[in-house]
Each structure stands twice: as structure tokens, then as C-alpha cells.
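Visitor: Sequence below, structure please.
(chains A, B, C and D)
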Protein chains: 2
Amino acid sequence: MARAPTTADAFNAVAEPRRRQILDLLARGERAVNDLVDLLGLAQPLVSKHLRVLREVGLVEVRDSGRQRLYRLNAAPLKPIHDWVKNYERSWEERFAALDDVLEELKSEEDER
Amino acid sequence: MARAPTTADAFNAVAEPRRRQILDLLARGERAVNDLVDLLGLAQPLVSKHLRVLREVGLVEVRDSGRQRLYRLNAAPLKPIHDWVKNYERSWEERFAALDDVLEELKSEEDER
DNA sequence: TTGACATATCCCCATATGGGTATATGTTTT
DNA sequence: AAAACATATACCCATATGGGGATATGTCAA
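Guide: Numbering: from 1, shown residues only, chains lettered A, B, ... in the order given. This next block holds a predicted model:
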């Protein structure tokens, strides 16, 4: 078996930085494909393909408007990611706190010299 | 160019469900590889390979103990994921709220009958 | 030393990728 | 009707994958 398809779920879809960029742009409002092409500086087919992946996991929705297609964000499928990562928040905070302690200690030792 | 390697960053590393499982197990404490093999029901080489990916993005750390290697979690690389997703939290909450409103409305209409 | 145990690596496979270029599909304007 | 515009799809490529089986590496025990 190969790697899971990017359309398998939001985790996979969002692993690609360009797709996160697209979502970041759509967070500001509806956009036509060509707008995204200009903003991202990517080839148009590339953008269409990324949009397709995002559509297949439900992260974006489309609406026809004349000869344009307007894409908008649907953030709901990101919730499982948030829920999963949130459980680790305390864990890295503890580690950062521990690191801060070490740095503080080093600083004190320095001051004592 | 092909897809970004799973070792490129935490986003990619964590897109694989098995690797999330491994992190979930390690969140409870240090574990030897064979423990993980038993708990996950995966082939040992598979587990070693997943652990390698996690190691390369810094999500786990290893410690030798006799002929065993004990892996432990380092959640810090998950923070960027949390930070990114967090920005969308309000967005999906609004959408869910809107959905709740619709459901409430439907319910009222039903009651009126 | 020899054998058992624990892990990592190697090689093979099918599959899916992201990017590129060319083209099909559909809509508006002239 | 024809030309221009907007978008999606088809095809090709190099690359990386997750899984499988065999084996190398390293450590402990008899």
C-alpha cells in the first residue's frame, strides 16, 4: 500500500503548505480561482488541483458566478485536527516551562560570577 | 516534484494515523519499541519506520536501555499546527452555531404543528 | 562463545503525489 | 457566430510513500 491520499481527510489535505495558504486566503472571504492564482503566484492548473483536494475533504465550497467559480472556506473539517492537537498543548507548555527554568538557572549562574 | 516528504515537518508527519496513534501512546509515558508493536498490532519494521519519521521531525526522542530503545514524546513540534488551526476555531464555531439555529428553527416549526 | 532477544535497515512493490504543458468545457462579449 | 475569457481535466514525470519479508546490528544470558 502507498501513502494515504491527500483527499483521505483534513489532516492529509492540510499537510501541503500551498493548501494552507489557500485556506488562509479564503478565510478573508470568497475568491475566484484567478484571484488565488495571482495571489499565490502558482500556475492555474495547480491551483485548481489544490482546490479540488480541499473540496473533496469539505474544506472549501464552490459557487458559480458567470464564468467564474467562487470558492469559500468551510473550516468545520479542521475541528478534528484542533481537537487532537489540543490534547498535547499542556505537554509542550510544560516542556517550554522546563526550558525556561534551565535558561533562568543559567542566567543566575552568570549573574553570580 | 513529488509530494513533500513526511519528514518535512510535523504537519506531514502527523498526517499518518498510525503515527498519531504512536504519539497518543507515548503521551502516557516512555515505551520500548516492542511495547508499541504489541499495542498497535503492527509489524516491528513498520513501527521502527514510523518512529524514525517522528524522530526526524523531533516529535519523539530515544534513550537506550540495555537492548531496548525507549521512546518518549516531545510535543513541541505540534505547536505550529495548533497555532495555525486555532485561527479557524471561531470560523467553524460560527458555522456550527448557524447550523444549530437552523435546527432550532425546524424544531419550532414542528412544535407549532 | 553461542544463542536468544530487541531494533534498525535493506530491498521490493503498488500507489499517489505536486508540478508542467496542452487541451477540453463552459460562459460572456463582440 | 466567433473570439476572448475562466476554469477544469488529461497526460507525463520524478519522487516518496506505507507495507511486506529478509537480514544486519547490537546487547544480554546461558
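Visitor: Need the contact partners of stretch A:72-86.
Guide: Residues external to stretch A:72-86 that are found in contact with it (Cβ atoms under 8 Å, 6 or more residues apart in numbering or on different chains): A:9-11, A:14, A:23, A:26-27, A:29-31, A:57-63, B:20, B:78, B:81-82, B:85-86, B:88-89, B:91-92, B:95-96. Every C-beta, even on glycine, is put in place using the N, C-alpha and C of the backbone.
Visitor: quick one: buried residues of it?
Guide: For stretch A:72-86, a neighbour-count test (16 or more other Cβ atoms under 10 Å in any protein chain shown) marks A:73-79, A:81-82, A:84-85 as buried.
Visitor: Tell me which two of those sit farthest apart.
Guide: A:Leu73 and A:Trp84 (20.2 Å; Cβ to Cβ).
Visitor: Just the contacts of stretch A:72-86: which are in helices?
Guide: Using DSSP state H, the members of the contacts of stretch A:72-86 that fall in helices are A:10-11, A:23, A:26, B:20, B:81-82, B:85-86, B:89, B:91-92, B:95-96.
Visitor: Where does confidence bottom out across those residues?
Guide: Lowest pLDDT of the ones in helices among the contacts of stretch A:72-86: B:Phe96, 62.
Visitor: Of the contacts of stretch A:72-86, just the buried ones, PyMOL syntax please.
Guide: Buried residues within these, as defined by 16+ other Cβ under 10 Å, are selected in PyMOL through the command that follows:
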select buried, (chain A and resi 9+10+11+14+23+26+31+57+59+60) or (chain B and resi 78+81+82+85+88+91+92)
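Visitor: so which of the contacts of stretch A:72-86 are also by DNA strand D?
Guide: Restricting the contacts of stretch A:72-86 to those within reach of DNA strand D (Cβ under 7 Å from any atom of the strand) leaves A:Val62.
Visitor: what's around A:Leu25, how many residues?
Guide: For A:Leu25, the count of nearby residues is 16 (other Cβ atoms under 10 Å in any protein chain shown).
Visitor: Nearest residue to it in space, ignoring adjacent ones along the chain?
Guide: Distances taken as Cβ to Cβ, 6 or more residues apart in numbering or on different chains put A:Leu39 closest to A:Leu25, at 5.8 Å, once the chain neighbours are dropped.
Visitor: what helix or strand does that neighbour sit in?
Guide: In this structure, A:Leu39 is located in helix A:33-40 according to DSSP states H and E.
Visitor: Now do the helix or strand hosting A:Ser48: distance to the chain's middle.
Guide: Assigning secondary structure by DSSP H and E places A:Ser48 in helix A:44-56. Averaging C-alpha positions (Cα atoms, centre = their mean, to the nearest Å) puts helix A:44-56 15 Å from its chain's average.
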